[in-house]
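> I would like to see how this sequence folds:
(chains A and B)
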Amino acid sequence: MIYLDNSATTKVIPEVVDVMTDIMKNMYGNPSSLHGLGVKAERLIETSRKILAQELGAQPQEIVFTSGGTEANNLAIRGTIESYGHRGKHIITTMIEHPSVYDLFQKYEQEGWQVTYLPVDQQGKVNLAALKQALTKDTVLVSVMHVNNETGVIQPVEQIGEILKQYPKTLFHVDAVQSFGRLPLHPVKHQIDLLTFSGHKIHGPKGIGALYIQKNRRIAPMLIGGGQEYDLRSGTQNVPGIAGLAKALLWIKQKRVARLPAMESWKQAFLKSIEQIPLVKVNGAINRIDSVPYIINLSFPGLKSEVVVHALEAENCYVSSRSACSSRTEKVSRVLQAMGASDQQAIGSIRISLGFLSEADDLNRLSQRLCKVIPQLQRVMKV
Amino acid sequence: MFIYLDHAATTPLHPEVKQAMLPYFDQQFGNPSSLHQFGREARAGIEQSRRLVAEALQVKPQQIIFTSGGTEADNLAIIGMAQAQAAIGKKHIITSTIEHHAVLDACHHLEKIGFKVTYIPVDHTGKVDPFHIEQAITSDTALISIMWANNETGVLQPIAEIGQIASQHQIPFHSDAVQAIGMVELDLASMHVDLLTISAHKINGPKGVGALYLKDNLNWSPRQFGGTQERRRRPGTENVSGIVGFGKAIELASQFRADHIKQMSRLRDAFLDQLEVPYEVNGDLNQSLSHILNLSFPGMQTEVMLMNLDLAGIACASGSACTSGTLEVSHVLKAMKLDEERIQTAIRFSFGWGTTQEQLLITAKEISKIYQRLITNVC
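Numbers count the residues shown, from 1 in each chain, chains lettered A, B, ... in the order given. This next block holds a predicted model:
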């Protein structure tokens, strides 16, 4: 079995399962309770908060736990608009965001907000000139993802932060779900006010994520009643989930120094090995500076993604057609279209994503199967 | 020795629930939206749980939306209904003064943005009078929200009567059943309940997962945007292991409900029998969830009592956990118009799976000891 869909979700590592089951069994108190068991649970949360804050170079009270990346993105955007919406009617995002950002911007557009969707170049990178042109004194929020979930292309969020220095009233949100724990990103250094991350992409549990909120920004909460998480996110905290997320981060921090360069070399070898496949096209930047080593996006014009994905599944190889959150609705990848890909290319794309449990051999075996399966499919489909 | 009598705040995970959850961490770990086998297996787990939850509530699986917990489900019910109903000119909400903060604070928020909210008072036993609800109804009423049973006193609310009234006036009716689930039969159809909130961690399931029952064709709008999960009503990658755990927990709760209720009543009665110090019951023992007991011990301040019990290894609470962190005076006991002394001396004991007669005997003895100590100190 070769699982190469780690950008959709990852296997939870045993260390995390152990931490979580221990908490569920022995430290099950409600963190808001005043008795010993409640205090223990609260301490677990605060220790986890510190671990996360340290990774971001932030202060613990700047971290708010949520039920996942989608909630954190919704909280960041909605909370900003509710608190700072009086400053203007203009918000900026990109054409390649995750649906939990993109769909929300579309909702605000329908409600009368002026929305700029920044284009990307053929390499899948956001156009900074377009950002400079779009920014006005009325811009309330800029939301740009750190690493695109379909192509793995790294967005110039540091440079965007630099540009936004001239717009101190504009809040800057970064969806870092696909980079958190793997690429360093210090919100304080780069003028980032809000930063989203999630547990289940780094071998942690599902159902847990967090939002970094810069301490001088006051955004409106989305969940209310109870006052947990500094009144920014009410509801009994998912204690085992929170501790599981922190444990996963500690584990991945240990691994990443050696693992990321290794992945890079596996990726380059893989890309070389599939050059022989007729018509294959690699989507987006693939160099070390502009893309992450753990996401690769390929197109086989003339073949539908689903056909390729299923053919690979028959070979015990699991990849995806695009982001899991949109794989059930979108016929064509919105991200690839934004990059100027032809419909043929956008319909026939697959995403290969590595995790920290992946091995060099996984990509070798995938390559062998692609070299076998794709020409077969191309013959059948008369491509 | 450690005695946990705070099951209304949260409960320990049942071993069978844990066993059900484990494979979804590292075997069926896929993203349920993924089209491949791992995704399909995870999805099957979720759908199986949805059927179990639906069965427990005697409703259809597609009427269940999984959330991150009770607070999110309450918020979704109230704000989701209010927003959709406001679009057709209905901007009035009816609720009670004793609701959980997830409901009350959602209502306060709505008031700030132009809604009118009527907070129905309760009598000295902590019960809402359906007549007051009927009186409060106007042509603008968008929603009635009354909890099934109160989390601090355990007092059951007249849900059937309120449901009848709501249905006659064709007003959607929401009930927060977070404390009631597993302790009463939740027959939603005959009670005319249109929206219902439940949570897993109060019935020996995991934290971080809850659900909202939403009747078909309600004028309701979602709050979160993103993927197509939960039929777009609540997007975001599902907490698969949590949802599977919830399914198992609710299955166990339904299966053993009759015995469990009897067992809890026995424990409660035995505990009251064993208490050798003066106390007053806050609420109404005849119309109450049998696992929640709210008592006032005259002359013994809540904090002092709680601290002494905690030192003796006995965990209980002053009120709801969500507010007890702040040691605020209970809004529920205040709404019951109890005198100051009684409010200042109230303790909530809540029982559950794992609670034994022996533990309660020890607790009763410990309370007597604390009482003697405090009385001597005073004299």
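> quickly find the element holding A:Ser92.
Ser isn't right for residue A:92; it's Ile. Remark: A:Ile92 resides in strand A:90-94, with elements defined by DSSP states H and E.
> residues making contact with that strand?
Counting by Cβ atoms under 8 Å, 6 or more residues apart in numbering or on different chains, strand A:90-94 makes contact with A:77, A:81, A:101-102, A:105, A:108, A:113-120, A:126, A:131, A:134-136, A:138-145, A:155, A:338, all of which sit outside it. (Each C-beta comes from the backbone N, C-alpha and C, glycine too.)
> so stretch A:310-323, near chain B or not?
Yes - for a cut-off given as Cβ under 8 Å from any Cβ of the partner chain, stretch A:310-323 has contacts with chain B, namely A:313, A:318-321.
> so after the strand holding A:Ile92, what's the next helix or strand?
The element immediately downstream of strand A:90-94 (helix or strand, assigned by DSSP H and E) is helix A:99-110.
> that following helix packs against which elements?
On a contact count with 3 or more Cβ pairs under 8 Å, 6 or more residues apart in numbering or on different chains; DSSP states H and E, helix A:99-110 meets helix A:69-84, strand A:90-94, strand A:114-118.
> switch to 10 Å and redo it
The elements that helix A:99-110 packs onto, with contact taken as 3 or more Cβ pairs under 10 Å, 6 or more residues apart in numbering or on different chains; DSSP states H and E, are helix A:69-84, strand A:90-94, strand A:114-118, strand A:139-143, strand A:171-175, helix A:334-338.
> picking up where we left off before, how about the strand holding A:Ile92 as CSV, C-alpha atoms only?
The C-alpha coordinates for strand A:90-94 follow below in CSV (Å, rounded to 0.1, in the frame of the first residue of the first chain):
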residue,chain,number,x,y,z
HIS,A,90,-12.8,46.1,0.4
ILE,A,91,-11.2,42.7,1.0
ILE,A,92,-8.5,40.9,-0.9
THR,A,93,-7.7,37.2,-1.4
THR,A,94,-6.4,35.1,-4.2
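> kindly supply the ChimeraX command isolating those of the contacts of strand A:90-94 that are buried.
This is how ChimeraX selects the buried members of those, with burial counted by 16 or more other Cβ atoms under 10 Å in any protein chain shown:
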select /A:77,81,101,102,105,108,113,115,116,117,118,120,126,131,134,135,139,140,141,142,143,144,145,155,338
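> next up, the contacts around residue 44.
If you meant another chain, say so; for now it's chain A. In this structure, A:Leu44 makes contact with A:19, A:23, A:27, A:29, A:31, A:237, A:239-240, A:242-243, A:246, judged by Cβ atoms under 10 Å, 6 or more residues apart in numbering or on different chains.
> oops, I was thinking of chain B
Contact analysis of B:Ala44 by Cβ under 10 Å, 6+ apart lists B:28, B:32, B:244.
> would you confirm that the second one contacts B:Arg50?
No - because the distance of 11.4 Å does not satisfy Cβ atoms under 10 Å, B:Pro32 is recorded as not touching B:Arg50.
> need the residues touching each of these two.
Residues touching both B:Pro32 and B:Arg50 by Cβ under 10 Å, 6+ apart: B:Ile243.
> quick revisit: which of the helices and strands packed on helix A:99-110 has the lowest average pLDDT?
When the helices and strands packed on helix A:99-110 are compared by mean pLDDT, helix A:334-338 comes last with a mean of 93.
> keeping just the C-alphas, turn stretch B:158-177 into PDB.
Presented in PDB, the C-alpha positions along stretch B:158-177 are these (Å, rounded to 0.1, in the frame of the first residue of the first chain):
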ATOM      1  CA  PRO B 158     -42.200  20.900  30.000                       C
ATOM      2  CA  ILE B 159     -40.900  20.100  26.500                       C
ATOM      3  CA  ALA B 160     -44.100  18.400  25.300                       C
ATOM      4  CA  GLU B 161     -46.300  21.300  26.300                       C
ATOM      5  CA  ILE B 162     -44.000  23.900  24.800                       C
ATOM      6  CA  GLY B 163     -43.600  21.800  21.600                       C
ATOM      7  CA  GLN B 164     -47.400  21.700  21.400                       C
ATOM      8  CA  ILE B 165     -47.600  25.500  21.700                       C
ATOM      9  CA  ALA B 166     -44.800  26.100  19.200                       C
ATOM     10  CA  SER B 167     -46.300  23.700  16.700                       C
ATOM     11  CA  GLN B 168     -49.800  25.400  17.000                       C
ATOM     12  CA  HIS B 169     -48.200  28.700  16.200                       C
ATOM     13  CA  GLN B 170     -45.900  27.200  13.600                       C
ATOM     14  CA  ILE B 171     -42.800  28.500  15.300                       C
ATOM     15  CA  PRO B 172     -39.600  26.400  15.100                       C
ATOM     16  CA  PHE B 173     -38.700  24.900  18.500                       C
ATOM     17  CA  HIS B 174     -35.100  24.300  19.600                       C
ATOM     18  CA  SER B 175     -34.100  22.400  22.700                       C
ATOM     19  CA  ASP B 176     -30.600  22.000  24.200                       C
ATOM     20  CA  ALA B 177     -30.600  18.300  25.300                       C
END
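> any buried residues in that stretch, and which?
By 16+ other Cβ under 10 Å, the buried positions in stretch B:158-177 come out as B:158-159, B:161-166, B:171-177.
> would you check how far apart A:Ser265 and chain B are?
As judged by Cβ to the nearest Cβ, to the nearest Å, A:Ser265 and chain B stand 27 Å apart.
> phi, psi of that residue?
Comment: the main-chain dihedrals of A:Ser265 come out as phi -70, psi -30, following degrees, to the nearest 10.
> surely it and A:Arg259 touch.
No - if you go by Cβ under 10 Å, A:Ser265 and A:Arg259 don't touch, sitting 11.1 Å apart.
> next, B:Asn204: secondary structure please.
B:Asn204 carries the three-state label coil when classified by DSSP: H, G, I helix; E, B strand; the rest coil.
> does B:Ser190 touch B:Val59 like I think?
No - at 11.9 Å, B:Ser190 and B:Val59 do not qualify as touching, with contact defined as Cβ under 10 Å.
> any idea how far the worst-scoring helix or strand of chain A on mean pLDDT is from the middle of the chain?
Across the helices and strands of chain A, mean confidence by mean pLDDT, DSSP states H and E is lowest for helix A:343-347: a mean of 80. Centroid separation between helix A:343-347 and its chain, computed with Cα atoms, centre = their mean, to the nearest Å, is 23 Å.
> so what does the helix or strand that comes right after that helix touch, helix or strand wise?
On the C-terminal side of helix A:343-347, the closest following helix or strand by DSSP H and E is strand A:349-353. With contacts defined as 3+ Cβ pairs under 10 Å, 6+ apart, the packing partners of strand A:349-353 are strand A:295-299, helix A:305-314, helix A:334-338, helix A:360-380.
> let me have the ones you listed in JSON lines, extended by distance to B:Lys116.
Formatted as JSON lines, the entries for the helices and strands packed on strand A:349-353 read as follows, by distance: least, Cβ to Cβ, whole Å:
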{"stretch": "strand A:295-299", "distance to B:Lys116": "51"}
{"stretch": "helix A:305-314", "distance to B:Lys116": "51"}
{"stretch": "helix A:334-338", "distance to B:Lys116": "42"}
{"stretch": "helix A:360-380", "distance to B:Lys116": "60"}
